[in-house]
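**Student:** what's the 3D shape of this:
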Amino acid sequence: MICQTSGELEKLQAMASLTGGAAAMEMEVHVFLAMDALLAFKKDVVENKAWKTSGEVGEALLKSGMPTFIDYLKEAKETGKVKLYACEATMTLLGLSKDELDDVVDEVIGLIGFFEVAAGGQLITL
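**Tutor:** Here you go, the predicted model:
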């Protein structure tokens, strides 16, 4: 299970790589999107590739034309058991609705709900 709190492109790409690798190994993956990470999944941000970067790698990713973390996550979901959850508290705090998020996000749940679906898994925080 992965708890993604950073909205920086470099960390989002890392999360998508970990998710894809785990899915390819037939592992079940649950990703909880909270704090600034959730903003990176807004439809308008995705459409405009308006992600925050923290340095040269992020800028290079934006300019490279490489598949984005969204592309990798969609591929991972086709490959294996991958689910993405938006943090209910962050959604409420920001006044967001599920319709404002990219379709790669499966559902909105609270932290306790995330722990229930991902019970027994190791937690990676990015």
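
**Student:** tell me, how many neighbours does Tyr72 end up with?
**Tutor:** 22 (other Cβ atoms under 10 Å). Where C-beta positions appear, they are placed from N, C-alpha and C, glycine not excepted.

**Student:** Please point out which parts of the longest helix seen in the chain sit buried.
**Tutor:** The longest helix of the chain (DSSP state H) is helix 9-24. For helix 9-24, a neighbour-count test (16 or more other Cβ atoms under 10 Å) marks 9-16, 18-20, 22-23 as buried.

**Student:** same question, stretch 57-73
**Tutor:** Gly58, Leu61, Thr68, Phe69, Ile70, Tyr72, Leu73.

**Student:** Mind checking which of those residues are in strands?
**Tutor:** Among these, no member falls in strands (DSSP state E).

**Student:** Looking at those residues, which one is closest to Asp44?
**Tutor:** Ile70 (13.0 Å; Cβ to Cβ).

**Student:** can you pull the contacts of the closest one?
**Tutor:** Ala16, Phe41, Val46, Asp102, Val104 (Cβ atoms under 8 Å, 6 or more residues apart in numbering).

**Student:** so the second one makes contact with Asp102?
**Tutor:** Yes - under the criterion of Cβ atoms under 8 Å, Phe41 lies in contact with Asp102, with a separation of 5.1 Å.

**Student:** okay, the buried residues of helix 9-24 in CSV with pLDDT and distance to Ala89 next?
**Tutor:** Shown next, in CSV, are the buried residues of helix 9-24 (pLDDT from 0 to 100; distance: Cβ to Cβ, whole Å):
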residue, pLDDT, distance to Ala89
Leu9, 97, 24
Glu10, 97, 25
Lys11, 97, 20
Leu12, 98, 20
Gln13, 97, 25
Ala14, 96, 24
Met15, 97, 20
Ala16, 97, 23
Leu18, 96, 24
Thr19, 97, 22
Gly20, 95, 27
Ala22, 94, 26
Ala23, 95, 27
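
**Student:** Closest to Phe32 out of the residues you listed?
**Tutor:** Nearest to Phe32, judged by Cβ to Cβ, of these is Met15 at 10.6 Å.

**Student:** mind checking how far the closest one is from Ala60?
**Tutor:** 18 Å (Cβ to Cβ, to the nearest Å).
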